[in-house]
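Colleague: have a look at this prediction, sequence included:
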Amino acid sequence: MWPARVIFLLLVISFCRTAEGRETAELAPFSIDLDTPYKTVLTVVREAAESGIVHGTFEYRDTPQLSGATTDPSSRLFPVWPLGGDVFFKVRRKALSPAHFLDSNDVGTVAVRYVVMELTDSSTRLFIDAVFVEDSGHGRHPSDGYVETSEFEDIKRRLKELDAVTPASISSSRDDRNPDATPPHVGASQSVLANEVAELNTAKAQLADLQAKAHDLRQKTVRLINGRAELRIAPYYRADISKVLAKGDEVMILSKTTSWLRVRDPEGTEGWISQGVTEPAP
């Protein structure tokens, strides 16, 4: 007999439909059962959905994640969810060929869906799935799984941080025998402040590192190896051609996606070329 969890996931697949009502071969979402009360998970997932960051993907190779996301009350990019629970959506529009979405090579929207379901008073089931849909409407690309697992790692981190400042942990540190002891809420505030300062310093260091990498990237040049290299106005093959470059021309890299380079030629013309038609300049 199959385990109940397998049967449940099969039901998820069989009931999923597209927004237009057509049957679709959607992959089963990431799913995990947590020994954490439903309200706690709900609070943390809502924070993750409102964070503005999509974890596990990026537009440019030197950036660790995708920023600029918004929280939407609904999304037509996913099939209708038939099994109940609280559903949240995090959406990043105008993403350029984001990493870890299968065969993505265009401009479109990245969306993450979270579903929180109460199992018992002390356990909760969480679903996460992610998709990239091209603005042209010609492609729908599911995540390869890395986005979902990265999003869960962020949620797990938030749960651990929340657990570290629960009332139980605060009260257990109080010394009732010493009336002059620091009130527990003051100690907790100082601890939170110290953590925030440490996180700020880490963020500053990461920003400085990214700025240094971006500076190095801007100084790099590549040489064209094709006799006819087409400079396009956007990073996909259907975009208009703004200029044709010759074999041997050198251009400066301004930014990157997983498949395209945004470059500037010696005359100052900027555009996108496929990475496959270039090699490092000598």
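Modeller: Cool, the structure landed. For clarity, every value in this text was computed on a predicted model and none was experimentally measured.
Colleague: dump the residue contacts of the most centrally placed residue in the chain.
Modeller: Closest residue to the average C-alpha location of the chain: V54 at 2.2 Å, with C-alpha atoms, centre = their mean. Residues near V54 by C-beta atoms under 8 Å, 6 or more residues apart in numbering: 65-67, 69, 90, 92, 110, 112, 130, 147, 151. Where you see a C-beta, it was placed from the backbone N, CA and C, and this is true even at glycine.
Colleague: now do 6 Å
Modeller: Residues near V54 by C-beta atoms under 6 Å, 6 or more residues apart in numbering: 66, 69, 92, 110.
Colleague: ok, the residues you listed vs A48, which is closest?
Modeller: A69 (10.5 Å; C-beta to C-beta).
Colleague: tally up the residues packed near the closest one, please.
Modeller: A69: 22 surrounding residues under other C-beta atoms under 10 Å.
Colleague: beta partners of the spatially closest residue to it that is not a sequence neighbour?
Modeller: Nearest residue to A69, sequence neighbours excluded (C-beta to C-beta, 6 or more residues apart in numbering): R92, at 4.1 Å. Assessed by DSSP bridges, R92 has beta-bridge partners V110.
Colleague: wait, R92 touches T70, no?
Modeller: No. Contact between R92 and T70 fails when scored by C-beta atoms under 6 Å: they sit 7.7 Å apart.
Colleague: of the two, who's got more company?
Modeller: Legend: neighbour count by other C-beta under 10 Å for R92 and T70, higher for R92 (22 against 12).
Colleague: give me the buried positions along the helix or strand hosting T149.
Modeller: Applying DSSP states H and E as the criterion places T149 in helix 146-164. For helix 146-164, the neighbour count (16 or more other C-beta atoms under 10 Å) marks 147-152, 154-155, 158-159 as buried.
Colleague: neighbouring contacts of that helix?
Modeller: By C-beta under 6 Å, 6+ apart, helix 146-164 touches 30, 44, 48, 55-57, 100, 128, 130.
Colleague: repeat that for stretch 109-116.
Modeller: Stretch 109-116 is contacted from outside by 41-42, 45, 54, 75, 77-78, 85-93, 95, 98, 126-133, using C-beta under 6 Å, 6+ apart.
Colleague: where do the helices sit along the stretch 151-282 of the chain?
Modeller: Assigned helices in the stretch 151-282 of the chain, in chain order: 167-172, 184-219 (criterion: DSSP state H, counting those that start in this stretch).
Colleague: which one of the buried residues of helix 146-164 is nearest I273?
Modeller: Looking across those and measuring by C-beta to C-beta, the closest to I273 is V147, at 27.2 Å.
Colleague: so for that closest one, what's the pLDDT?
Modeller: Looking at V147, its pLDDT is 94.
Colleague: so for stretch 259-270, what gets flagged as buried?
Modeller: Going by 16+ other C-beta under 10 Å, stretch 259-270 has these buried residues: 259-265.
Colleague: and those, which of them are in strands?
Modeller: 260-264 (DSSP state E).
Colleague: circling back: P37: which of the contacts of helix 146-164 is nearest?
Modeller: Nearest to P37 among the contacts of helix 146-164, with distances taken as C-beta to C-beta, is V44, at 10.9 Å.
Colleague: correct me, but K247 touches R223?
Modeller: No. Contact status for K247 versus R223: not in contact, 8.6 Å apart, counting by C-beta under 6 Å.
Colleague: give me the more crowded residue out of the two.
Modeller: Neighbour totals were compared for K247 and R223, and R223 leads with 15 against 12 (other C-beta under 10 Å).
Colleague: the nearest residue to that one once chain neighbours are set aside: what's it in contact with?
Modeller: Spatially, and ignoring its direct neighbours in sequence, R223 is nearest to A281 (4.6 Å; C-beta to C-beta, 6+ apart). With contact set as C-beta under 6 Å, 6+ apart, A281 has these partners: 221-223, 250.
Colleague: format the ones in strands among the buried residues of stretch 259-270 as a markdown table; extra columns: pLDDT and distance to P142.
Modeller: Converted to a markdown table, those look like this (pLDDT from 0 to 100; distance: C-beta to C-beta, whole Å):
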| residue | pLDDT | distance to P142 |
| --- | --- | --- |
| W260 | 84 | 21 |
| L261 | 84 | 26 |
| R262 | 84 | 26 |
| V263 | 85 | 31 |
| R264 | 84 | 35 |
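Colleague: so where's the stretch 1-150 of the chain uncertain?
Modeller: The stretch 1-150 of the chain contains residues with pLDDT under 70 at 1-27.
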